[in-house]
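Participant: Quick one: sequence plus predicted model below, questions after.
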Amino acid sequence: MCQVLPQRRTISVEVLKAVSSPIRMRILNLLFNRGHLSYTEIMNLLRLRPSRDAGRFAYHLKLLLKMDLIEPDTETKKYRLTDLGRRLVEVAEEIEESAHERRRMLVRTSRLSIEYFDRNKIAESLIREAGVPADLAQRIARETERRLLKLKVKYLTAPLIREFVNAILIERGLEDYRHKLTRLGLPVYDVTEMMRSISSEFSNVEKVLEAAGNSVMEEYTLLNILPRDIADAHISGILNLNDLGCWILKPSEFRHDIRFFFRYGLLFKGYGPMKVSYRPPKSLGSALLLILEALRLAADELSNEETIDYFNIFLAPYVKGLEPEYIKEQLKSFFMGINHIIPVDVSIGLELSTPKFLDEVNVFGPGGKVEGVYSDFTEESQLVASLLLDIILDGEESKPIFNPNVIIKIRSETLKDGEAESLLYKAHQAAIEKGVPYFANLTFKGQEYASYTATGLRLTPERSGDWELDTLRTGGLGSVIINLPRALYDSGGDRGRLLRNLYERVEMAMRALQIKYMTIRQRVREGLLPFLTQRGEEDPYYRIENSIRLISFVGLNEAVQSLTGEAIYESRGSLKAAKDIVNYMSRAIQRLSKGLEGHFALSMVPSEEAARRLAELDVEMYGLARVSLSGGGRSPSYTTMSATPLDADLPLEDYLRIESTFHTLTPGCHLAVIPIDGEQKADDLLTITKSILKRYKIGLYAFNRKLAYCDVCREVFYGDLSKCPSCGSVKAVTYFARSPAKYSAKPISE
C-alpha cells in the first residue's frame, strides 16, 4: 500500500498539470461543448495559425492524449473527450461556480419576477421550445452561462439571455433550433414610435394595443406558420398578405343573414356562463338592437368588414303599421350605433324593390314567426330604404356618415318601378351632397344574385348554385396581392419569364390562402370564434367552406408602362398587354385550383398600404430611375383597386370602358371610382348611372366627392380648400377623400 499511494498522487498531479495550461483547458471545453472536432477545427476555433502555432498546438494535443483526457475517433478522424476528460471539465465547472457563488446573477424574468440565474432553465427551454436533444441543450446552457458570467451588469433579462443562446445556436450552425427559439416582440424604440404615429391618426390607446398585438402575430406567422418561400416573398415585396396579423386568427370579411337572429335570437354558447342570450325580437327597436349587438360581437372575429345585405327587405316585417317618423328615429339610432360602436367597417345593401327570387320566400317576423312572403312587404322595404337615404342626406349636424357604407342595388326592374326610380334619384342626391353611397349594377348576366361590400368584394352562387349558401353567412377568407411590376423586373423584360414568375406567384398566393383556411378551421375547433360558429338548428352560422379566397394584384398600369412604354389607356397595344397579363393569372388560378377545396377568384382588392409598401421595396431594390410609379419619388406607390390610375387624364367613357373590361376579368373584387366636379348635379350623376347600366359591365361603382367639414361652422364644403370658406378657420377643418375605396380623413393643415 505504501508503494501505491504515491503512484495515485502522481497520476492526479499529472492530470492537473495537463489542464493547468489555459489553452489545454479550452481544448477540453471545446470538445465538451461542441462534440467531436477535427485537428483543423480545433485550431480554427482557438484562432491559431498553422504556419506559426502548429508545433505548440501539437504539443498540447499530445499531452492531453497521453493523460487519457481525449482520444481519436478512428471512424470520423476527429477527437473526442474520454470519460476522465468529461469528468474533469465538470469538476472545473463546479469549481468555477463555487468561485462565482458570491456574485450570483439576478434575472428579471418574463413572468415579472426576479430570480437567481439557473442554467438548467435554459436547457429546459431549449428542450421544450425547440426540441433540442438534452445533451446538446446542457452544453449550450453551460456555454451561455460562461459568457454571461463575463458580463458586468446589475441584472440580466430573459430577452438578453435568449439573445446569447440564439447567438450560440447561430455560431454552431443550428439555424432550425434558433428559428423555433426566436422571441417575438417589438424594440422599445419601435413601441415609442408606434404610439407617436397612432396619436396623429384620430385613434386611441386601444389602437396601440391592437398594433402591438398585430406586430407580434405577424412575426409569429412569418416565422412559425408560413413556409419559408412564402414568408420571404411577403417580406421582400413579391407578395403582400393582407391583414397578416390576423392571418391565422380571423377571416377577413363576412356577410350576415339577419333572418338567422330574427328566427333564433342571439345565442351565447362559448362565451362563458355569465352571458344571457337574446330571444327572437318582437319589435323594430329590439330587432335593431339585436343586429347592432351581432355586429359588435362579429367585429371581434373579423379583420376587415361585415355586411348586411337585403337589409331593408329582411327588416320590412318589423316596420309594418309603424309611423315613418318613429321608424326613422329608430334607424338613425341604429346608424349612429354602428358609427360609434362597431370597430370595423359595415356595409349595408339596400334593394330598391323586392328581388324576384325573394318574392315567395317565407318571412321571419316578430317573435321568429312566419309572417307571409317578402313580396307582401315591398312598400315597407321601400319605406326603410327611403328613410335611410334621408338619414344620410340629413347627416348629424350635416356631417357626412361614412360608416356604415350603403350600397344601392340596381336591378333591371328598377327603372320600371316608379318608387324604385324615385329612390335611385334620391341616392344620387346623396352622392352629390355627401359623397355616398355605392351603386351595384346587377342588370347584366351573372349579376342577379351578386352581393357586394364597399371594398368591392363580390359573392355569387357560382360554387353551389344556391344564392343563400354562397352569398350569406359566408364571406371573404382573405386576400393576397401580387406585385406585378416586381414580376416584370425580375423577368428582365422577357415575356416568357414574366409569365413563369406570375404562375409561381399565383401558386404561392393560393398556398398561403389554403394555410389560412386550415388555421381558421383550427381556431373554430378550439372555440376561439364563438359568434361565427354559433348554431341554429343545424349548421353553424359561418359557412367557412363557402368563403372566397382572393388573389389580387397592384401595379398593372406600371408594369404595362415598363413593358410597352405606354400607360394602359394610351394605346390598344398597352391595353392588350394588360389584358394578357390578367387573363394569364386567371387561367393559372383555374388550373391550380383543380382538386383544391374552396373557391379562388382573381380580384382587384383596394389596399393603399400594400401599394405603397411594395413600391417602396421595388425602389430600394431596383432604384428610382428604373421603377415606374404612380405616386412620384417622394411618395412612391402603385395603382391599386383599378386598372387605370384614378388621376389619369382621359374621358369618362374611356375610363368606364377600360374598367368594365377588367371588372369582367376580376370577378372576386372590383370597384370603379368616378370623380365628381363642382358643377355636377344629381341628374348628371343619374345620367352616368343610366349609361353604365346600358353600355358597361361595371359591377360596383361609387362617386368621389372631395369634401371638407368645419367643426366651428358645422357645415360641409366641396373641393380643394386651404381654410373654411365661412369662418376662415384652418385647424377646425377636416378634409375627406376616397383613398382608394373609402373616405379617409385628415386635417386640412396637412
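Facilitator: Thanks, I have the structure now. Numbers count the residues shown, from 1 in each chain.

Participant: Where does the prediction get shaky in this structure?
Facilitator: 1-10, 97-103, 110-113, 154, 199-203, 270-276, 395-397, 537, 631-633, 747-750 (pLDDT under 70).

Participant: can you map out the helices along the stretch 51-200 of the chain?
Facilitator: Ranges of helices within the stretch 51-200 of the chain are 83-99, 119-130, 134-149, 158-171, 175-181, 188-198, based on DSSP state H, counting those that start in this stretch.

Participant: need these in CSV with mean neighbour count, can you?
Facilitator: Quick note: C-beta positions are derived from backbone N, CA and C, even for glycine. CSV is the format used below for those (neighbours: other Cβ atoms under 10 Å):
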stretch, mean neighbour count
helix 83-99, 14
helix 119-130, 17
helix 134-149, 18
helix 158-171, 16
helix 175-181, 15
helix 188-198, 12
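
Participant: can I get these in CSV with distance to Ala611?
Facilitator: Below are the helices of the stretch 51-200 of the chain laid out as CSV (distance: least, Cβ to Cβ, whole Å):
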stretch, distance to Ala611
helix 83-99, 57
helix 119-130, 38
helix 134-149, 44
helix 158-171, 35
helix 175-181, 31
helix 188-198, 19
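
Participant: Check which helices and strands the biggest helix by length in the chain sits against.
Facilitator: Taking DSSP state H as the criterion, the chain has its longest helix at helix 495-525. Applying 3 or more Cβ pairs under 8 Å, 6 or more residues apart in numbering; DSSP states H and E, we find helix 495-525 packed against helix 228-236, strand 239-241, strand 476-483, helix 484-491, strand 548-554, helix 572-592.

Participant: Glu323 is nearest to which of the ones you listed?
Facilitator: Nearest to Glu323 among the helices and strands packed on helix 495-525 is strand 476-483 (38.8 Å), distances taken as Cβ to Cβ.

Participant: Against which helices or strands is that closest one packed?
Facilitator: strand 239-241, helix 495-525, strand 548-554, helix 608-622.

Participant: Provide the strand pairings for it, with the direction of each partner.
Facilitator: strand 239-241 (antiparallel), strand 548-554 (parallel) (DSSP bridges).

Participant: can you tell which of the ones you listed is closest to Arg139?
Facilitator: Among the strands paired with strand 476-483, the nearest to Arg139 by Cβ to Cβ is strand 239-241 (38.3 Å).

Participant: Off-centre distance for the closest one?
Facilitator: 9 Å (Cα atoms, centre = their mean, to the nearest Å).

Participant: What of stretch 16-25?
Facilitator: Using Cα atoms, centre = their mean, the offset of stretch 16-25 from its chain centre is 58 Å.

Participant: Give the buried residues for it.
Facilitator: Buried residues in stretch 16-25, defined by neighbour count with 16 or more other Cβ atoms under 10 Å: Ala18, Val19, Arg24, Met25.

Participant: ok so the last one is a helix residue?
Facilitator: Yes: under DSSP: H, G, I helix; E, B strand; the rest coil, Met25 falls within a helix.

Participant: Spatially nearest residue to it (excluding sequence neighbours)?
Facilitator: Excluding the flanking residues, the one nearest Met25 by Cβ to Cβ, 6 or more residues apart in numbering is Val19, at 5.2 Å.

Participant: give me every residue that touches Ile235.
Facilitator: Shown in contact with Ile235 (Cβ atoms under 8 Å, 6 or more residues apart in numbering): Leu222.

Participant: so how far is Ser637 from it?
Facilitator: 19 Å (Cβ to Cβ, to the nearest Å).

Participant: Between the two ends of stretch 346-365, what distance do you get?
Facilitator: Terminal residues of stretch 346-365 are spaced 23 Å apart (Cα to Cα, to the nearest Å).
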